[in-house]
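**Student:** Let's see this in three dimensions:
(2 chains)
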Amino acid sequence: MSATEVLRSAHPPDIDPYRVGHGGGHDYATGHGEGGPASKRVIVGYGFWLFLLSDIVLFSCLFAAHAVLQTATAGGPTGPQLFDPRSVALETACLLTSSFTCGLSAVAAGARNQLWTQVFLLVTGVLGLSFLLLEAHDFAAMMARGASPQVSAFWSSFFAVVGCHGSHVTVGLLWLGTMMAQVFFKGFRPSIMRRLVCFNLFWHMLDIIWVALFTIVYLIGEGR
Amino acid sequence: MWLGKLSLNAIPFDQPIPLVAGGVVFLVLLAVIAWIIIRGHLPYLWHEWITSVDHKRIGVMYTILGLVMLLRGFVDAIMMRSQQALAFRAPGYLPPEHYDQVFSAHGTIMIFFAAMPLMIGLMNFAVPLQLGVRDVAFPTFNSTSFWLTATGALLVNISLVIGEFSRAMWLPYPPLSELRYSPGVGVDYYLWSLQIAGVGTLLTGINFVTTILKIRAPGMSYLRMPVFCWTALAANLLIIAAFPVLTATLGMLLLDRYLGFHFFTNAGGGNMMMFVNLIWAWGHPEVYILVLPAFGVFSEVIATFSGKPLFGYRSMVAATMAICLISFLVWLHHFFTMGAGGDVNGVFGIATAIIAVPTGVKIFNWMFTMYGGRIRFTTPMLWALGFTVTFVIGGMTGVLLSVPPADFLVHNSLFLVAHFHNVIIAGVLFGAFAGITYWFPKAFGFRLHEGWGKAAFWFSFAGFYVTFVPLYAVGLLGMTRRLQTYDVAAWRPWVLAAGVGILVLCIALACQVMQFIVSIRQRESLRDVTGDPWNGRSLEWSTASPPPAFNYAVLPNVQGEEPYWEIKRRAIETQQLVAEPDYKSIEMPRNSPTGFITAFFCTITGFALIWHIWWLVGLGLFGAYVVFVWFAWRDREEQIIPADEVARVDRARRRVREQWLAQNAREQWLAAHAETGEPA
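**Tutor:** Numbers count the residues shown, from 1 in each chain, chains lettered A, B, ... in the order given. This next block holds a predicted model:
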């Protein structure tokens, strides 16, 4: 099956099987109002969303700390002196594209297509890994020019918030590898499909965090 | 080299008190484990408890953990009170570095490992039953949460004999908690225990919010949920929003200590007031994470023992959610003296005073619930009554402290210490005891002994006042908190009075222990066969005691605010139970050792991180990843309970109910009518 066929077959014309759609009978849909317990897919997705929200709260603390320590360079180098906007743009491109391919893997998994699911997951992983390598390269370059978390509070908060995102991507890659193995060996059974949903949510959240990070740390930081 | 910073010097041979205390605890633990193995209880414990994913079992284990750690924290309290009683112009018996560990450990243990497990235990036990469902959203995570909390508690206790505990107070304010001023492992023990336990708590929050919002019995709309479920929802929403802040803040401190970062240091442009702001942005919601479930317990208890529906149910829900929101807007009142300026202090002072309004709404609702009711003064009801009186006093001193100029005068004094003990003991602890005595018969099928329970209440109630009223007074006289020694003669009588108070509380503790021992020994005479020993109103009383693993043979169909009361009234009026349902087989989650094994690796990793044993850190993390993959690989997640078995269990329950109906028919019917005011 070609990629376009996969895309088309992922959108069967049937109605929303979990009744999570909008309009009409909301109160009697499962998981709402008086409708009784929700389906397992809704429960897992919902719980994972809550986890992601908590993760966003964690990041927001690091962002707040970075904002507070923005000018606390203690006589050391400042951000604009050492940031490399082109490299950051490239990282952004890698990560945003990986989110797109991650979405394509979800479409392929929806069509129960083993080959394309694996291909798109692999592409996602390769892009994620490129992002990480670029970031590591950036870090090394900045350190070579006199920045390190030990230099000043500003660089502490910079490396903490960017590094926390990076370690999330690392954990995401480990998870991605595990998911590829699971899809390969266990197929598209419901529990695996639920995990793929969670993985997709996680990977997209990393993108959202990166957009905030790009704006607050790099763009605003560059303008100071 | 291989053991990082760990060596034989870590064992405090020169300090007899922790060594002897730790040694005794260790021997007791060893004896218990030996007894379990020799008597052959290990397989039972492993299959039925340690690997259990049943929310009721996990709730019981949380409660036991909370009670054991409460004992540990109480021993610290006794040491502090007795030290201060002896230390008037004298060194007392605890040297400063040990005294500092004692008060740091007392606060840490009481909040994180006594109060939290007690509240989470009660939520675990009661919420799914009250919602009329069979389990929480993520049963295996639930078990993991418990074991991670236990890991944190274990690490804190290990610090007693290997190394030392933090001396930097229960919230480790920098720069004192930074490596430069606290070079030992004490702060690291604190940080890693809380990080690990914090992950467990966050999982609990996610689990319960998902459960309450997504898994309820058919017909159980939001405004039909018991108030305890509402307060549990609010508390768990707060956990999701607040605990990541704790994790991030402690994470930054860890980076400072381990990798030389400069978040909160004096040097390098660090900002230690940022720590204080961040930690209290978690810390104030935490107060409500603890007390909101207790409010829920009191709502259940007061309605049940007043024989009336809860007064102002909707205003109770609104007040709960208002507190949930406002609790995030008041954190700065913990450090008015920081110097944020009059405007900022004013805003936070007013927000703090405002939070007393929804709390006042709740107090009035409880009073109006009792008004005109037929009150039964059982042990849980006594705890609830003691709470209402005492909590109002604590609330009023709180409003007093919310006024910044007044706060400046008593900041960091024993007045403050008396205030927060007033709200936490009367609120959370009384709530926990009310909840434990209220739901104990549901969990075990027999009641707790009323005589010992009442004695425990009265000694706790009196002991609280004798201990903390003097602390209010001596705080106003200017005595600051955490003094290892003092030389102001005017303080002495009050400090001694507080010392007497702790003796009264010791008697209360003895009564609590007796209550459990006597109740277990006399369980046959305290047996409750009906499953409804208190004439309850919410769904948990409609199933058997102890409930079967699947809680309900058929999910109840909820049609009102007090579903079980309605079912009961209909049964009494028609003199029969509803028709026997068509039993179907039930799918239940399988028990899993995942939580226990994860916690095992977390204990190893945490210990290795504290002592800088890096290879062991790597091994622990690798082990955790292997467990993750292994758990993901499992093929069977569920087990089926066949319809025959479900029918057998439920028919037994129905037989008992029918007998009860026949025996008590007339009086129950009369009582039901008298309570609702209808003519008999």
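**Student:** In chain A, what residue comes closest to chain B?
**Tutor:** A:A72 (3.1 Å; C-beta to the nearest C-beta). Heads up, the C-betas are built off the backbone N, CA and C, glycines and all.
**Student:** tally of neighbours for that residue?
**Tutor:** A:A72 has 19 neighbours, counted by other C-beta atoms under 10 Å in any protein chain shown.
**Student:** So it: helix, strand or coil?
**Tutor:** Per DSSP: H, G, I helix; E, B strand; the rest coil, the secondary structure class of A:A72 is coil.
**Student:** Check what pLDDT it gets.
**Tutor:** A:A72 is assigned a predicted lDDT (pLDDT) of 92.
**Student:** Give the full set of residues in contact with it.
**Tutor:** A:S152, A:A153, A:F154, B:H262, B:G268, B:G269, B:G270, B:N271 (C-beta atoms under 8 Å, 6 or more residues apart in numbering or on different chains).
**Student:** Give me the phi and psi for the closest residue to the third one other than its chain neighbours.
**Tutor:** The one in question is A:F154. Among residues not flanking A:F154 along the chain, A:T73 sits closest, at 4.6 Å (C-beta to C-beta, 6 or more residues apart in numbering or on different chains). A:T73 adopts backbone torsions of phi -90, psi -10, taken as degrees, to the nearest 10.
**Student:** I figured A:T73 was touching B:H262, is that so?
**Tutor:** No: A:T73 is beyond contact range of B:H262, at 10.5 Å (criterion: C-beta atoms under 8 Å).
**Student:** more crowded one of these two?
**Tutor:** Using other C-beta under 10 Å as the criterion, A:T73 and B:H262 rank with B:H262 on top: 27 against 19.
**Student:** Can you name the residues that contact the more buried one?
**Tutor:** A:A72, A:A74, A:P149, A:Q150, A:S152, A:A153, A:S156, B:D256, B:G268, B:G269, B:G270.
**Student:** State the three-state secondary structure for it.
**Tutor:** B:H262 ends up coil, using three-state DSSP.
**Student:** okay, now residue 138: neighbour count?
**Tutor:** Unless you meant another one, I'm taking chain A. 19.
**Student:** that's the wrong chain, I meant chain B
**Tutor:** B:F138 has 22 nearby residues by other C-beta under 10 Å.
**Student:** Wait, it touches A:Y46, no?
**Tutor:** No: because the distance of 10.7 Å does not satisfy C-beta under 8 Å, B:F138 is recorded as not touching A:Y46.
**Student:** Show me the common contact partners of the two, please.
**Tutor:** B:T210.
**Student:** how about the helix or strand where B:T108 lies: buried residues?
**Tutor:** Following DSSP states H and E, the helix or strand that holds B:T108 is helix B:96-108. Across helix B:96-108, burial judged by 16 or more other C-beta atoms under 10 Å in any protein chain shown covers B:H98, B:Y99, B:D100, B:Q101, B:V102, B:F103, B:S104, B:A105, B:H106, B:T108.
**Student:** Throw those into CSV and include distance to B:S306 and pLDDT, thanks.
**Tutor:** Output for those, formatted as CSV (distance: C-beta to C-beta, whole Å; pLDDT from 0 to 100):
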residue, distance to B:S306, pLDDT
B:H98, 48, 91
B:Y99, 46, 94
B:D100, 46, 94
B:Q101, 45, 94
B:V102, 42, 94
B:F103, 40, 96
B:S104, 42, 96
B:A105, 40, 95
B:H106, 36, 96
B:T108, 38, 96
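**Student:** I'd like those written out as JSON lines, with distance to A:V169 added.
**Tutor:** As requested, the buried residues of helix B:96-108 are arranged in JSON lines below (distance: C-beta to C-beta, whole Å):
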{"residue": "B:H98", "distance to A:V169": "45"}
{"residue": "B:Y99", "distance to A:V169": "46"}
{"residue": "B:D100", "distance to A:V169": "41"}
{"residue": "B:Q101", "distance to A:V169": "40"}
{"residue": "B:V102", "distance to A:V169": "43"}
{"residue": "B:F103", "distance to A:V169": "42"}
{"residue": "B:S104", "distance to A:V169": "37"}
{"residue": "B:A105", "distance to A:V169": "38"}
{"residue": "B:H106", "distance to A:V169": "41"}
{"residue": "B:T108", "distance to A:V169": "34"}
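**Student:** any idea which of those is closest to B:A489?
**Tutor:** B:Y99 (21.2 Å; C-beta to C-beta).
**Student:** Roughly how far does the closest one sit from B:P16?
**Tutor:** 15 Å (C-beta to C-beta, to the nearest Å).
**Student:** Quick check: phi and psi on the residue of chain A closest to chain B?
**Tutor:** Torsion angles, degrees, to the nearest 10, at A:A72: phi -80, psi 60.
**Student:** Apart from its chain neighbours, what residue comes closest to it?
**Tutor:** B:G269 is the one closest to A:A72 (C-beta to C-beta, 6+ apart), at 3.1 Å.
**Student:** Just list the residues touching the one you found, thanks.
**Tutor:** A:L69, A:A72, A:T73, A:A74, A:S152, A:A153, A:F154, B:H262 are the contacts of B:G269 under C-beta under 8 Å, 6+ apart.
**Student:** now with 6 Å?
**Tutor:** Shown in contact with B:G269 (C-beta atoms under 6 Å, 6 or more residues apart in numbering or on different chains): A:A72, A:A74, A:S152, A:A153.
**Student:** wouldn't the second one be in contact with B:G270 here?
**Tutor:** No: with contact defined as C-beta atoms under 6 Å, A:A74 does not reach B:G270; the gap is 8.8 Å.
**Student:** thinking again about what came up before, give me the subset of the contacts of A:A72 that lies in strands.
**Tutor:** Among the contacts of A:A72, no residue falls in strands (DSSP state E).
**Student:** how about a markdown table for these, with distance to B:L278 and pLDDT added?
**Tutor:** Output for the contacts of A:A72, formatted as a markdown table (distance: C-beta to C-beta, whole Å; pLDDT from 0 to 100):
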| residue | distance to B:L278 | pLDDT |
| --- | --- | --- |
| A:S152 | 19 | 95 |
| A:A153 | 14 | 96 |
| A:F154 | 17 | 96 |
| B:H262 | 15 | 96 |
| B:G268 | 18 | 92 |
| B:G269 | 17 | 93 |
| B:G270 | 13 | 94 |
| B:N271 | 10 | 95 |
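**Student:** so which of those comes closest to B:R374?
**Tutor:** Closest to B:R374, out of all of the contacts of A:A72 and judged by C-beta to C-beta, is B:N271, at 58.9 Å.
**Student:** Near the closest residue in space to that closest one that isn't next to it in sequence, how many other residues are there?
**Tutor:** Leaving aside its chain neighbours, B:N271 sits nearest to A:V68 (5.9 Å; criterion: C-beta to C-beta, 6+ apart). The tally of other residues near A:V68 (other C-beta under 10 Å) stands at 17.
**Student:** B:E566 now?
**Tutor:** For B:E566, using other C-beta under 10 Å, the count is 14.
**Student:** Where does it sit, in terms of helix or strand?
**Tutor:** helix B:563-574.
**Student:** Can you dump the C-alpha atoms of stretch B:114-125 in PDB for me?
**Tutor:** The C-alpha coordinates for stretch B:114-125 follow below in PDB (Å, rounded to 0.1, in the frame of the first residue of the first chain):
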ATOM      1  CA  ALA B 114       2.000  10.500  57.800                       C
ATOM      2  CA  ALA B 115      -0.700  13.000  56.700                       C
ATOM      3  CA  MET B 116      -0.400  12.400  52.900                       C
ATOM      4  CA  PRO B 117      -0.600   8.500  53.100                       C
ATOM      5  CA  LEU B 118      -3.500   8.800  55.600                       C
ATOM      6  CA  MET B 119      -5.500  11.000  53.300                       C
ATOM      7  CA  ILE B 120      -4.500   9.100  50.100                       C
ATOM      8  CA  GLY B 121      -5.300   5.900  51.900                       C
ATOM      9  CA  LEU B 122      -8.800   7.000  52.700                       C
ATOM     10  CA  MET B 123      -9.400   8.300  49.200                       C
ATOM     11  CA  ASN B 124      -8.100   5.000  47.800                       C
ATOM     12  CA  PHE B 125     -10.400   3.000  49.900                       C
END
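**Student:** No further queries at this time; thank you.
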